[in-house]
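[1] no FASTA, just this:
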């Protein structure tokens, strides 16, 4: 693979369409079994077929996660599933468990295999071991520094993939036992309850009814909360170190997150490829990434002086904008059909965003409902006809500045 790949998450068919529309070269998704996001909007076999057709029509690639750690009683069902999946001819499966790898090799020997970050691959010898086992790409352990990635890239011609954006874990490359210990639902089985995001307080043994916050924060204390990863300024260093696939985390995120983050990294990657010597990070990229729901950003382990930034300076999610709606159809220049995702009112100052970095500010006009009646507000899941900027296109998103610095849903 000569051209670097931008790899985006897809939690359902709608998010898959937006990932491709906003610039992803490939997308990864999960089926209903054997993935590590059991609570995401996973794909049935029928939906996987639709996703494959969508990807093929767009000239994109599609990777299926089969990265759970499988137990003996499940191997029979996994073999059945692999036989059901084989006719779909997906571009690759993402695996962690050597047993899963071996079974894919037996059932579907020509299927490309990508190794998940959950395999914790941290040296070139391990990369070459997996290559000999039939893997064609390795997503490296998240704990590696840039120098370590470069050292690995210099000793192998394997395709290397790294995460460049999204949530991090307090566990080693996501292999966490905290959820299983506290709730009985294992992250390594796809059922993580994200207890590292919960609010925690300190309780003294003789005063069990009194919980003491460790810092003054109205939302509580997030002792186990890692920062979100953001490496948009460092794509040249990663590509120079031998990385060929840049992966965005977020199969449980919304379509607004997928669209905005994918669009920012698409712009950054394209600018670098157009002029590597003249590449300079654009401050607008970081400003745009602040407008999606996120925790405070960090660079993970990329540089030795960063260390493990586990406890962020404040808890909860941040966001700079509210996602309000999707443009479904253009009826005529300056007027179209919008599906509401959050409530907004006529007269509000809004922003329209679209693929390729298109941006337009406008004032919300009067929306009209399905029966042609004027509405006082646009509500979630309501389809309305309303005035739009002349350059609006289907698939554009509508947002407004969030009121102040406040927590947000992921």
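    Yep, that arrived. Here the structure is a predicted model, which is why all the values come from computation and not from measurement.
[2] the strands in the stretch 251-400 of the chain, which residues?
    297-298, 321-332, 335-340, 349-354, 358-363, 383-387, 397-401 (DSSP state E, counting those that start in this stretch).
[3] let me have these in CSV, extended by distance to residue 211.
    Placement of C-beta: from N, CA and C, glycine included. Output for the strands of the stretch 251-400 of the chain, formatted as CSV (distance: least, C-beta to C-beta, whole Å):
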stretch, distance to residue 211
strand 297-298, 28
strand 321-332, 32
strand 335-340, 39
strand 349-354, 41
strand 358-363, 45
strand 383-387, 46
strand 397-401, 35
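[4] buried sites along stretch 100-114?
    In terms of neighbour count (16 or more other C-beta atoms under 10 Å), stretch 100-114 has its buried residues at 100-101, 103-104, 107-108, 111-114.
[5] which residue ranges of the protein form helices?
    In the chain, the helices defined using DSSP state H lie at 13-21, 45-58, 75-85, 98-107, 124-132, 146-153, 178-183, 235-240, 255-274, 283-289.
[6] weakest of these by average pLDDT?
    Here the lowest mean pLDDT among the helices of the chain goes to helix 178-183, at a mean of 74.
[7] what residues sit buried inside that helix?
    Buried, per 16+ other C-beta under 10 Å, within helix 178-183: 178-180.
[8] returning to that earlier point: nearest to residue 350, out of the helices of the chain?
    Across the helices of the chain, residue 350 has its closest neighbour in helix 255-274 (13.7 Å, C-beta to C-beta).
[9] can you name every helix or strand that the closest one contacts?
    strand 5-9, helix 13-21, strand 159-166, helix 235-240, strand 243-248, helix 283-289, strand 349-354, strand 397-401 (3 or more C-beta pairs under 8 Å, 6 or more residues apart in numbering; DSSP states H and E).
[10] and the closest residue to residue 32 other than its chain neighbours, what does it touch?
    Distances taken as C-beta to C-beta, 6 or more residues apart in numbering place residue 42 nearest to residue 32, at 5.1 Å, with adjacent residues excluded. The neighbourhood of residue 42, defined by C-beta atoms under 8 Å, 6 or more residues apart in numbering, consists of 11, 29-32, 35.
[11] go again using 7 Å as the cut-off
    Shown in contact with residue 42 (C-beta atoms under 7 Å, 6 or more residues apart in numbering): 30-32, 35.
[12] which of the helices and strands packed on helix 255-274 is buried the deepest?
    Sort the helices and strands packed on helix 255-274 by mean neighbour count, taking mean count of other C-beta atoms under 10 Å, and strand 5-9 sits at the top with a mean of 25.
[13] returning to what we had before: which one of the strands of the stretch 251-400 of the chain lies nearest to residue 61?
    Among the strands of the stretch 251-400 of the chain, strand 349-354 sits nearest to residue 61 (C-beta to C-beta), with 23.3 Å.
[14] residue 346 and residue 364 touch, don't they?
    Yes - contact criterion C-beta atoms under 7 Å: residue 346 and residue 364 qualify, at 5.2 Å.
[15] what about these two, which has more around it?
    Taking other C-beta atoms under 10 Å, residue 346 and residue 364 do not tie; residue 364 has more neighbours (22 against 16).
[16] quick one: that one from residue 396, how far?
    14 Å (C-beta to C-beta, to the nearest Å).
[17] swap in residue 20?
    Distance from residue 20 to residue 396, by C-beta to C-beta: 15 Å.
[18] check residue 31 too.
    From residue 31 to residue 396 the distance is 30 Å (C-beta to C-beta).
[19] output the helices of the chain as TSV; include the columns distance to residue 203.
    Converted to TSV, the helices of the chain look like this (distance: least, C-beta to C-beta, whole Å):
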stretch	distance to residue 203
helix 13-21	40
helix 45-58	45
helix 75-85	43
helix 98-107	41
helix 124-132	42
helix 146-153	40
helix 178-183	15
helix 235-240	43
helix 255-274	35
helix 283-289	37
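[20] done for today, thanks.
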